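Visitor: Below is the sequence, then the predicted model.
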Amino acid sequence: MDDQDFMRRAVGLAWLSLGETSPNPNVGCVIVAPGGTIVGEGRTAPAGGPHAEVSALAQAGELARGATAYVTLEPCDHTGRTGPCTLALIGAGVARVVVGVRDPNPVAAGGAETLRSAGVAVDVGVVLPELARDATVGWLTAVSRGTPYVIWKFAATLDGRSAAADGTSKWITSPEARADVHRLRAGVDAIIAGNGTVLADDPQLTVRSADGAPAARQPLRVVVGGTRSTPPGSKVFDDSAPTWAVSGGGGRVDLPAMLKELYGRGVRTALLEGGPTLAGAFLEAGLVDRVVGYLAPKLLGAGPAALGAAGISTISEAMTLDVVDLARIGPDVRLTAAVKGV
């Protein structure tokens, strides 16, 4: 195994912590002894728990002396709920640290320089940096600008309909696709829906496991209501998860301000599951970072579109996306695309 193999393993560990660590990043770390044997592995615990490097070092023990640490994100250099990971690495006698991507957070950054000052060899961004970045892209983007990374999820027929002409919308996609949505929900800190969607479908907006049981960790539910109120008996107000109902003057909610407030509440990634009107408003305001579309092999020919008005009036203004993944989910297709420039 070589540097790439060890970093790839660290990235896999980071993915396992996705959705569990906010406001901290999901990080993976692998400690490798001089002979090439993995002696310690760790991933970020929920906030307040040990960081990936500390967990990996604890597993490695004395075998960390003279070893190489592969970590997806630059080790933190500040004291928060836990001590600096840089000091833990130095104290353990690690000889080399291979970093996937730099930490954009000015409070925690500077770890590479601290390590070098202590005589530790450090390589930053030279081993699979894009792979490491992709595992933590939501947190990296959010921390860089102070607002959550927003994923717009929609389900539609091949002709772009989210419901039939009579308004029926349940079961556009397969059970397999709906189960995949719960995995997507599990990786975010908040689920956003419009009041119209809540009134029409009365969704619970929670995460459920494959057997239908509620997940232990539930994202914050955010209901964007304008001046309309959501009935208190709606499922989004049950005790399954916390809920924030957002209202706005003049029938509109200040979406950028809402996202800033969510960031202040510790939300780093959010899943937009609202209807076409809310999705259009987010896209028009430039607030969507990634799109995940579940396309069913069905045709309706009529009915509401998956996306409403987004401020685009001509083809030259069309929003261009970069497709980053295409997968078959049961009979459906899941397309994942990033908004260019993000």
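Guide: Right, received. Where do you want to start?
Visitor: Spit out the contact partners of the spatially closest residue to Gly266 that is not a sequence neighbour.
Guide: Spatial nearest neighbour of Gly266, excluding adjacent residues (C-beta to C-beta, 6 or more residues apart in numbering): Pro23 at 4.4 Å. Where C-beta positions appear, they are placed from N, C-alpha and C, glycine not excepted. If a contact means C-beta atoms under 8 Å, 6 or more residues apart in numbering, then Pro23 has 47, 266, 268 as its contacts.
Visitor: my read is the second one is in a helix, agree?
Guide: No: with DSSP: H, G, I helix; E, B strand; the rest coil as the criterion, Gly266 is coil rather than part of a helix.
Visitor: hang on, the earlier thing: give me the three-state assignment for the residue nearest to Gly266.
Guide: Under three-state DSSP, Pro23 comes out as coil.
Visitor: go on, Asp322?
Guide: Quick answer, by three-state DSSP: Asp322 is strand.
Visitor: now swap in Val107 and tell me
Guide: Classified using three-state DSSP, Val107 is coil.
Visitor: ditto for Ala142
Guide: State at Ala142, reduced to three classes by three-state DSSP: helix.
Visitor: Can you list the buried residues in the longest helix anywhere in the chain?
Guide: Counting residues, the longest helix found in the chain (DSSP state H) is helix 3-16. Of the residues in helix 3-16, 3, 5-15 count as buried by neighbour count, 16 or more other C-beta atoms under 10 Å.
Visitor: Go ahead and confirm Glu74 touches Gly111.
Guide: Yes: look at Glu74 against Gly111 with C-beta atoms under 8 Å: they come within range, at 4.7 Å.
Visitor: Can you check which residues contact both of the two?
Guide: With C-beta under 8 Å, 6+ apart, Glu74 and Gly111 have common neighbours 99, 103.
Visitor: returning to that earlier point: ok, now how distant is the residue nearest to Gly266 from Asp239?
Guide: Distance of Pro23 to Asp239, given as C-beta to C-beta, to the nearest Å: 24 Å.
Visitor: Need the contact partners of stretch 333-342.
Guide: 141, 177, 180, 288-295, 297, 319-328.
Visitor: Out of the residues you listed, which end up buried?
Guide: Of the contacts of stretch 333-342, these count as buried by 16+ other C-beta under 10 Å: 141, 177, 180, 288-295, 319, 321.
Visitor: Adding secondary structure, write the residues you listed out as a markdown table.
Guide: Shown next, in a markdown table, are the buried ones among the contacts of stretch 333-342 (three-state DSSP):
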| residue | secondary structure |
| --- | --- |
| Thr141 | helix |
| Ala177 | helix |
| Asp180 | helix |
| Val288 | coil |
| Asp289 | coil |
| Arg290 | strand |
| Val291 | strand |
| Val292 | strand |
| Gly293 | strand |
| Tyr294 | strand |
| Leu295 | strand |
| Met319 | coil |
| Leu321 | strand |
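Visitor: Can I get these in a markdown table including pLDDT and distance to Gly212?
Guide: Below are the buried ones among the contacts of stretch 333-342 laid out as a markdown table (pLDDT from 0 to 100; distance: C-beta to C-beta, whole Å):
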| residue | pLDDT | distance to Gly212 |
| --- | --- | --- |
| Thr141 | 96 | 33 |
| Ala177 | 95 | 16 |
| Asp180 | 96 | 15 |
| Val288 | 97 | 30 |
| Asp289 | 96 | 30 |
| Arg290 | 97 | 27 |
| Val291 | 97 | 27 |
| Val292 | 97 | 22 |
| Gly293 | 97 | 25 |
| Tyr294 | 97 | 19 |
| Leu295 | 97 | 25 |
| Met319 | 87 | 36 |
| Leu321 | 94 | 33 |
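Visitor: what about Leu278, neighbour count?
Guide: 23 (other C-beta atoms under 10 Å).
Visitor: give me the beta-bridge partners of the closest residue to it other than its chain neighbours?
Guide: Excluding its sequence neighbours, the residue lying closest to Leu278 (C-beta to C-beta, 6+ apart) is Gly194, at 3.8 Å. Going by DSSP bridges, Gly194 is paired in beta bridges with Val224.
Visitor: hang on, the earlier thing: for the contacts of Pro23, point out the one with the lowest pLDDT.
Guide: The lowest pLDDT within those belongs to Ala47, with 83.
Visitor: gap between Pro34 and Ala305?
Guide: In terms of C-beta to C-beta, Pro34 sits 59 Å off from Ala305.
Visitor: ok, the two, which is more surrounded?
Guide: Ala305 (16 against 12).
Visitor: pLDDT score for that one?
Guide: 91.
Visitor: Hmm, Gly160 and it touching each other?
Guide: Yes: taking C-beta under 8 Å as the definition, Ala305 is a contact partner of Gly160 at 5.4 Å.
Visitor: can you give me the strands for the stretch 1-150 of the chain?
Guide: 28-32, 38-43, 68-73, 96-101, 121-124, 149-157 (DSSP state E, counting those that start in this stretch).
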